[in-house]
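Asks: I'd like to go over a predicted model; first the sequence, then the structure.
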Amino acid sequence: MKDIKADTPPSSINGDEIGNMEDEDGVIYFDEIEEIQFDEEDMEEIMDQEAEEIEMEKPEDQALLVFEKHTGSVFCCDLHPNGKLAVSGGEDDKAYVWSVENGEIVMDCPKHKDSVIFTGFSFDGAYLATIDMTGVIKVWKCQLEDNQQGPWPLAFEYEADETSWGLWHFAARVLICGGESGNIYVIKIPSGETKVLQGHTVAAECGKLFKDGKRLAVGYEDGSVKVWDLRNNTALQTISSSIHQSRITAVDTHPDNNLMASISADGTVVLSTSTNGKIVAQFEAEKELETVAFSPDPQLGLLALATLTGSVSIWDTSRQMLRHHCSKVEEDKTGGVTKMLWVKDQLVTGCLNGSVRVYNGRSGEKSFGLTGHWSEILDLIYNEKENILLTASDDKTARIFKFGKVDDKD
């Protein structure tokens, strides 16, 4: 997945002219390379050729709407609960609130210092939070009347440590974020009352609430996982770093509230109980595990795993066994998976090549695909009320898709 802390390298030219400067032994000398020059006409021709090649590689655009106001990669996005407004944030230090229907900007969120890595509406749609990499947290009071343009009232502002993730509580006006110091900030909105769950000097890589809303699972850079009690600010359980032995890339919690899954970059998958931290199962999956998701219906009892190399698999949690291998590395044509979520019994995956692929969780078969982006998907969110999918991409755009099969081409 794209490293949002790294600068994007510039495109390189094809260098065919340089290849013709080889001597009889096929050797190119540095002093000869320095003498090679391109006039303005040559450079324009080369750039035109590259632009034409890139344009030819773009897939069919099946999006209902494309938002193109960002000037850098779009790292994060969210949809308002009413399904009428979207928010996106990115590498250009900007966050925009915009209309899902026509793409018009409702609000340009000002004064961020660095890349915006989290944007999200509260569960009731009353507030919007935007967070950048430096730890600047801003919470805005949503003004939905007539989609009026201009800045919304700023309800809360805070500067934490360098931040890498954020999330809203699913049933309360509570914002949670974590980052490089390992500290977790739990903030009540709009009062601003803040608790800090003290880390242990390594970065907090990811977090997920349990379904009771009282506990938080957090994965750390050293491979450890902690379950925090949000009321008492105490760590209830800890999975030792000796189990994963690599950075935790994602955690998820089971809908029945009794099970937690954690995955690490080395391919280790751990299922543990949320009450006492007992390890129920531990197994090795593919390397470069990137994302994990329990199916929302506990009756299905499914756990999905996906990797940056392109493997997508669905597991039976009760039996701890593989049920379906939806996409194998050697078969996959889309590249790796960066983001994943469930829509009922459908598994939605966002891929490195910009496509969205949807699998039937019961059969493991591909249901349909959605195309439009030509670079990796960095975030995606679904809104059930409007049955739409919002995606954010490295190609500097965000797109709205109708969720469902478009045609039989993909």
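Replies: Okay, I see it. Since the model is a prediction, treat every value here as computed from it, not as a measurement. Residues are numbered from 1 along each chain as shown.

Asks: What residue spans form the domains of the protein?
Replies: Annotated domains of the chain cover 18-55, 287-382 [automatic domain parsing].

Asks: Show me which positions of stretch 216-236 end up buried.
Replies: Across stretch 216-236, burial judged by 16 or more other C-beta atoms under 10 Å covers 216-228, 230. Glycine gets a C-beta too; all of them are placed from N, C-alpha and C.

Asks: how about JSON lines for these, with pLDDT added?
Replies: As requested, the buried residues of stretch 216-236 are arranged in JSON lines below (pLDDT from 0 to 100):
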{"residue": "Leu216", "pLDDT": "96"}
{"residue": "Ala217", "pLDDT": "96"}
{"residue": "Val218", "pLDDT": "97"}
{"residue": "Gly219", "pLDDT": "96"}
{"residue": "Tyr220", "pLDDT": "96"}
{"residue": "Glu221", "pLDDT": "95"}
{"residue": "Asp222", "pLDDT": "95"}
{"residue": "Gly223", "pLDDT": "95"}
{"residue": "Ser224", "pLDDT": "94"}
{"residue": "Val225", "pLDDT": "94"}
{"residue": "Lys226", "pLDDT": "94"}
{"residue": "Val227", "pLDDT": "95"}
{"residue": "Trp228", "pLDDT": "95"}
{"residue": "Leu230", "pLDDT": "95"}
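
Asks: Of the residues you listed, which is the nearest to Asp78?
Replies: Using C-beta to C-beta, Leu216 is the member of the buried residues of stretch 216-236 that lies nearest Asp78, at 19.4 Å.

Asks: I'd assumed Arg231 was in contact with that closest one.
Replies: No. Assessed by C-beta atoms under 8 Å, Leu216 is found out of contact with Arg231, at 10.9 Å.

Asks: follow-up on the earlier one: in terms of mean pLDDT, which of the domains of the chain ranks lowest?
Replies: Per-stretch mean pLDDT for those is lowest at domain 18-55 (a mean of 46).

Asks: Leu303 belongs to a strand, doesn't it?
Replies: Yes. With DSSP: H, G, I helix; E, B strand; the rest coil as the criterion, Leu303 is part of a strand.

Asks: Could you count how many residues lie near it?
Replies: Using other C-beta atoms under 10 Å, Leu303 has 23 neighbouring residues.

Asks: do Ser272 as well
Replies: 22.

Asks: switch to numbering from 2
Replies: Got it, first residue is 2 now, which makes that one Ser273.

Asks: For it, give me its contacts.
Replies: 226, 238, 240, 260-261, 263, 279-281 (C-beta atoms under 8 Å, 6 or more residues apart in numbering).

Asks: so of these, which ones are in helices?
Replies: Among the contacts of Ser273, no member falls in helices (DSSP state H).

Asks: Could you dump those residues into a markdown table and include distance to Ser192?
Replies: Below are these laid out as a markdown table (distance: C-beta to C-beta, whole Å):
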| residue | distance to Ser192 |
| --- | --- |
| Val226 | 30 |
| Gln238 | 30 |
| Ile240 | 33 |
| Leu260 | 33 |
| Met261 | 30 |
| Ser263 | 32 |
| Lys279 | 37 |
| Ile280 | 39 |
| Val281 | 39 |
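
Asks: List buried residues within these.
Replies: Buried, going by 16+ other C-beta under 10 Å: 226, 238, 240, 260-261, 263, out of those.

Asks: Show me which of those residues is closest to Lys345.
Replies: Scanning those for proximity to Lys345, where the rule is C-beta to C-beta, the winner is Leu260, at 19.8 Å.

Asks: where does the residue lying closest to the closest one once chain neighbours are set aside land in three-state SS?
Replies: Using C-beta to C-beta, 6 or more residues apart in numbering and skipping residues adjacent in sequence, the residue nearest Leu260 is Leu272, 6.1 Å away. When classified by three-state DSSP, Leu272 comes out as strand.

Asks: Contacts only, for Leu272.
Replies: Contacts of Leu272 by C-beta under 8 Å, 6+ apart are 260-262, 280-283, 304, 318, 321.

Asks: can you redo those as JSON lines with distance to Phe171?
Replies: Converted to JSON lines, the contacts of Leu272 look like this (distance: C-beta to C-beta, whole Å):
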{"residue": "Leu260", "distance to Phe171": "18"}
{"residue": "Met261", "distance to Phe171": "16"}
{"residue": "Ala262", "distance to Phe171": "18"}
{"residue": "Ile280", "distance to Phe171": "26"}
{"residue": "Val281", "distance to Phe171": "24"}
{"residue": "Ala282", "distance to Phe171": "26"}
{"residue": "Gln283", "distance to Phe171": "28"}
{"residue": "Leu304", "distance to Phe171": "20"}
{"residue": "Thr318", "distance to Phe171": "21"}
{"residue": "Gln321", "distance to Phe171": "27"}
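
Asks: Just the closest of those to Gln246, please.
Replies: Closest to Gln246, out of all of the contacts of Leu272 and judged by C-beta to C-beta, is Gln283, at 11.5 Å.

Asks: in the sheet, who's paired with the closest one?
Replies: Val271 (DSSP bridges).

Asks: Can you get me a residue count around it?
Replies: 14.

Asks: Also Leu80?
Replies: 24.

Asks: isn't it right next to Trp99, touching?
Replies: No. Using C-beta under 8 Å, Leu80 makes no contact with Trp99, being 10.9 Å away.

Asks: overlap in contacts of the two?
Replies: Common neighbours of Leu80 and Trp99 (C-beta under 8 Å, 6+ apart) are 86-87.

Asks: Would you map the strands across the stretch 2-151 of the chain?
Replies: Remark: strands assigned in the stretch 2-151 of the chain by DSSP state E, counting those that start in this stretch are 66-68, 75-80, 86-91, 96-100, 106-110, 117-122, 128-133, 137-142.

Asks: Can you pull out the low-pLDDT segments for the stretch 2-151 of the chain?
Replies: For the stretch 2-151 of the chain, the stretches with pLDDT under 70 are 2-57, 147-151.

Asks: swap the cut-off to 80 and go again
Replies: 2-58, 111-112, 146-151 (pLDDT under 80).

Asks: So which residues of it form helices?
Replies: Secondary structure of the stretch 2-151 of the chain (DSSP state H, counting those that start in this stretch): helices located at 17-20, 31-36, 41-58.
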